Every structure is written in structure tokens, then in C-alpha cells.
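Visitor: only the shape, not the letters, is given here:
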């Protein structure tokens with residue numbers, strides 16, 4: 001089970017649940033992979049609803065690798081993702097939200 005307090009989000013691939021997490025290493029890998037050049041630009045595309053399929057593949061792959069799964073984009077693209085493209089987009093958006101959310105204070 002994914003732990004949202006650690007920034008983890010669940011993703012179902014071929015009927016198996018995996019935890020995704022954007023560690024610092026996963027973020028560096030993601031940024032190196034992005035055509036746009038920065039994580040901020042990726043977040044902006046999500047906020048504007050202009051996310052591309054290759055953004056989703058890169059983000060989900062980085063999150064899965066950060067969660068400990070040895071996978072590449074080609075392998076992920078061949079998987080059946082729980083919830084289909086919409087489920088993938090929701091999981092990716094939640095992964096970004098949890099990774100970059102400011103800590104909530106107790107008062």
C-alpha cells in the first residue's frame with residue numbers, strides 16, 4: 001500500500017499494484033528525459049491541461065523507478081494501466097501534487 005505521507009501513489013500495472021515515488025534521483029532522471037528541459041514546465045503543462053502522452057510515460061516511469069520497480073518507458077507502454085489513460089493521468093497528477101506539496105502545519 002502506498003504511503004501518501006512519503007509522497008507515494010499507487011499505480012496498477014497488469015493487475016499488480018505498485019507504489020510510485022519521485023525521489024531526488026527519479027526527479028533528476030525525469031528532468032534529463034523531458035523534451036522541455038525542466039520539471040517546472042512539466043508541472044505547468046499539467047496545470048494547464050496540456051499534458052502529453054510522452055510526459056505521462058516519462059513521469060510514471062520515473063515514479064515507478066523511484067518506488068523500486070526496474071522498468072523503462074517501452075515496458076510501461078506495453079502494460080495495461082488500471083483506469084486506462086485517465087487513471088494514468090490522475091496518478092501522475094497526484095504524484096506531482098504529493099511530491100511538491102508544502103507540509104501542512106498543525107495550527
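Guide: Cool, the structure landed. The structure displayed is predicted, hence computed values, not measured ones.
Visitor: isn't residue 25 right up against residue 66?
Guide: Yes - with contact defined as CB atoms under 8 Å, residue 25 counts as touching residue 66 (7.0 Å). For every residue, glycine as well, the C-beta is placed using N, CA and C.
Visitor: compare these two and say which is more crowded by neighbours.
Guide: Ranked by neighbour count (other CB atoms under 10 Å), residue 25 and residue 66 place residue 66 first, with 23 against 11.
Visitor: can you check the pLDDT for that one?
Guide: Listed pLDDT for residue 66 reads 96.
Visitor: which residues touch it?
Guide: 20-23, 25-27 (CB atoms under 8 Å, 6 or more residues apart in numbering).
Visitor: for the lengthiest helix in the chain, what does the pLDDT average out to?
Guide: Secondary structure of the chain per DSSP state H: the longest helix is helix 84-100. Confidence for helix 84-100, expressed as mean pLDDT, is 94.
Visitor: helices or strands up against it?
Guide: Judged by 3 or more CB pairs under 8 Å, 6 or more residues apart in numbering; DSSP states H and E, the packing partners of helix 84-100 are strand 9-13, helix 39-48, helix 53-66.
Visitor: quick check: mean pLDDT of the second one?
Guide: Spelled out, it's helix 39-48. What helix 39-48 shows for mean pLDDT is 87.
Visitor: hmm, back to that, which one of the contacts of residue 66 is nearest to residue 78?
Guide: Nearest to residue 78, judged by CB to CB, of the contacts of residue 66 is residue 20 at 17.6 Å.
Visitor: how many residues are close by residue 91?
Guide: The burial count for residue 91: 23, using other CB under 10 Å.
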